[in-house]
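Engineer: how does the following fold in three dimensions:
(one chain, ligands or ions: 1)
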Amino acid sequence: MSWQIEYARNVFKRWPVRAVVGLAGHIAVCGLWAAIAGYAFLTSMSPLSTGLVVAVWIALAIATVVGGVAFWVWELGRRTKKSVKKNFDVLPAIETPRLILRKPVSAEAASLEATIDDVMRDSNGWTKETGKAHVDAVRGGGPTPGVYVMVLRSTSTVIGGAFVLPVSGRRSARSLGWWVGPNHRGSGYATEAVDALVEAIHVAGYLTVEIKTTESNLAVQRICGKIGAAEVDRRPHTLPNGTTVSAIVFDHQPLVADPHLRTLTEPN
Ligand SMILES: CC(C)(COP(=O)(O)OP(=O)(O)OC[C@H]1O[C@@H](n2cnc3c(N)ncnc32)[C@H](O)[C@@H]1OP(=O)(O)O)[C@@H](O)C(=O)NCCC(=O)NCCS
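Structural biologist: Modelled structure (predicted):
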């Protein structure tokens, strides 16, 4: 339950009123059951000494608070997982000739960490903390919104990762970002993974796949060219480490009306 506790603590810090209301509600539900149980127990056992009756009610009150807190933390975690699955983790596991692209499991945290080197961090504008936060989330077994790993089918090794995320203001689009670890670059893995991810995003019902990169990232531009993504914009973009770079935005759309794709139009 550790990631759930961490999550509940964050909810308390960010939305204290919402947290108190939620907590009070869960304690009240537990309190109701405790009162019914206490009443049934005491009436079936009476006559009992006043001391014992008081002790039973005190024990039930403590159990109510502890149970209510645990219930709220668990419920918050359950709802968060459900919401992340619905809104972020929109792709099934995908197999390509050499790779499996799927959600990470906690045992893969260390191998995922090994794929995040300085080149990866610099290309994405990540700080050390950004990478650590993602790896910790995987290790903790909690939700990892939009994160997928690239796993080598031959060895089951994690060789890279990808993000598939909503795009603000474009309901029928998903953004795609990716990286390959230092030991596996230059072997066509990114091209193979991106090709499959783009198709899977369209099949999941999204008209557009948005890929954003920097003007200096020639590998990503080359991959965009190979998969048929079109440059649609160049604009300054602020990265997680605070630097502002000149970004190129590519859009990929299905070439033909694919009967497997849901018909979607871009909302204005
Ligand atoms: C960019 C990255 C994902 C490419 O992964 P990869 O598996 O090595 O890529 P591929 O082997 O599929 O190569 C893709 C194409 O880019 C080209 N390419 C690779 N590195 C290049 C570079 N530094 N300069 C120019 N072209 C390059 C390859 O030659 C290939 O083109 P080709 O098929 O015409 O020969 C990888 O280098 C990486 O993880 N970099 C750090 C993170 C990053 O930049 N992520 C993208 C952020 S948007």
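Engineer: hmm, who's touching stretch 117-127?
Structural biologist: Residues outside stretch 117-127 that contact it (Cβ atoms under 8 Å, 6 or more residues apart in numbering): 116, 128, 130-131, 177, 179, 181-182, 214, 217, 239-241, 243, 245. Heads up, the C-betas are built off the backbone N, CA and C, glycines and all.
Engineer: so which other helices or strands are in contact with the helix or strand bottoming out on mean pLDDT in the chain?
Structural biologist: One helix or strand of the chain scores below all others by mean pLDDT, DSSP states H and E: helix 2-14, with a mean of 90. Under the contact definition 3 or more Cβ pairs under 8 Å, 6 or more residues apart in numbering; DSSP states H and E, helix 2-14 sits against helix 16-45, helix 50-87, helix 128-140.
Engineer: winner for burial among the ones you listed?
Structural biologist: Using mean count of other Cβ atoms under 10 Å, the stretch among those with the largest mean neighbour count is helix 128-140, at a mean of 17.
Engineer: name the residues of whichever helix or strand comes after that one that are buried.
Structural biologist: Downstream of helix 128-140, the next assigned helix or strand under DSSP states H and E is strand 147-152. Residues of strand 147-152 classed as buried under the neighbour-count rule (16 or more other Cβ atoms under 10 Å) are 147-151.
Engineer: and those residues, which two are furthest apart?
Structural biologist: Spanning the widest gap among the buried residues of strand 147-152 are 147 and 151, at 13.0 Å by Cβ to Cβ.
Engineer: which among the buried residues of strand 147-152 gets closest to the ligand?
Structural biologist: Using Cβ to the nearest ligand atom, residue 150 comes nearest to the ligand of these, at 9.1 Å.
Engineer: find the nearest non-adjacent residue to the closest one, please.
Structural biologist: Leaving aside its sequence neighbours, residue 150 sits nearest to residue 160 (Cβ to Cβ, 6 or more residues apart in numbering; 4.1 Å).
Engineer: closest to the ligand among the contacts of stretch 117-127?
Structural biologist: In terms of Cβ to the nearest ligand atom, no member of the contacts of stretch 117-127 lies closer to the ligand than residue 179, at 3.7 Å.
Engineer: which of the helices or strands spans the closest one?
Structural biologist: Residue 179 belongs to strand 170-180 when assigned by DSSP H and E.
Engineer: what's the angle between that strand and strand 147-152?
Structural biologist: If you take axes from the mean of the first three to the mean of the last three Cα atoms, to 10 degrees, strand 170-180 sits at 40 degrees to strand 147-152.
Engineer: put the alpha carbons of strand 170-180 into PDB.
Structural biologist: Extracted C-alpha coordinates of strand 170-180, given in PDB (Å, rounded to 0.1, in the frame of the first residue of the first chain):
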ATOM      1  CA  ARG A 170      -6.800  18.300 -28.900                       C
ATOM      2  CA  ARG A 171      -9.100  15.600 -27.800                       C
ATOM      3  CA  SER A 172      -8.500  13.400 -30.800                       C
ATOM      4  CA  ALA A 173      -4.700  13.600 -30.500                       C
ATOM      5  CA  ARG A 174      -2.100  11.800 -28.400                       C
ATOM      6  CA  SER A 175       1.500  12.900 -28.000                       C
ATOM      7  CA  LEU A 176       4.300  10.400 -28.400                       C
ATOM      8  CA  GLY A 177       7.800  10.600 -27.000                       C
ATOM      9  CA  TRP A 178      10.400   7.900 -26.700                       C
ATOM     10  CA  TRP A 179      14.000   6.900 -25.900                       C
ATOM     11  CA  VAL A 180      16.300   4.000 -26.400                       C
END
